[in-house]
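**Student:** predicted model follows, preceded by the sequence.
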Amino acid sequence: PRDGDYVDMFCRGVNELMKRSVIKSVRDRVEIQPRGTAAEDAFSRLTAAPENPGIPRPVWLVMLGSVPTALLWYGYYKFSVEE
């Protein structure tokens, strides 16, 4: 960060605070992985950690994963795509 860039320092500080508030096993599970670490079957794609570049998931797969989990999985999907 540049000297005096308080917005950047604030955002980095909040990010680090949130990262430390998550237990290590969960943090390790959602750490960004290189492309191709997830298997190709539907369940593996639903439960895969975020990859860079992201894993393409068809809409039907997103809906399939979202319905039984009361849309909690959709939040994880958005996190995977946006991180």
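**Tutor:** Happy to help now that I have it.

**Student:** pLDDT weak spots in this protein?
**Tutor:** By pLDDT under 70, the weakly predicted segments of the chain are 1, 73, 82-83.

**Student:** any chance you could map the strands in it?
**Tutor:** Secondary structure of the chain (DSSP state E): strands at 33-34, 51-52.

**Student:** please identify the most buried of these.
**Tutor:** Highest mean neighbour count among the strands of the chain (mean count of other CB atoms under 10 Å): strand 51-52, with a mean of 13. Every residue, glycine included, has its C-beta placed from N, CA and C.

**Student:** does anything pack onto that strand? Which helices or strands?
**Tutor:** Contacts defined by 3 or more CB pairs under 8 Å, 6 or more residues apart in numbering; DSSP states H and E place strand 51-52 against strand 33-34.

**Student:** and for the strand it packs on, what's in contact with it?
**Tutor:** 48, 49, 50, 51, 52 (CB atoms under 8 Å, 6 or more residues apart in numbering).

**Student:** one more: stretch 44-58?
**Tutor:** Taking CB under 8 Å, 6+ apart as the rule, stretch 44-58 contacts 29-39, 61, 64-65, 73, 77, 79-81, 83.

**Student:** for residue 2, list the residues it contacts.
**Tutor:** With CB under 8 Å, 6+ apart, residue 2 has these contacts: residue 8.

**Student:** for it, give its distance to residue 14.
**Tutor:** For residue 2, the distance to residue 14 equals 18 Å [CB to CB, to the nearest Å].

**Student:** what do you get for residue 54?
**Tutor:** Taken as CB to CB, the span from residue 54 to residue 14 is 24 Å.

**Student:** please say which of the two ends up with more neighbours.
**Tutor:** residue 54 (14 against 10; other CB atoms under 10 Å).

**Student:** reformat the contacts of strand 33-34 as a markdown table; add distance to residue 69.
**Tutor:** As requested, the contacts of strand 33-34 are exported to a markdown table (distance: CB to CB, whole Å):
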| residue | distance to residue 69 |
| --- | --- |
| 48 | 15 |
| 49 | 17 |
| 50 | 17 |
| 51 | 20 |
| 52 | 24 |
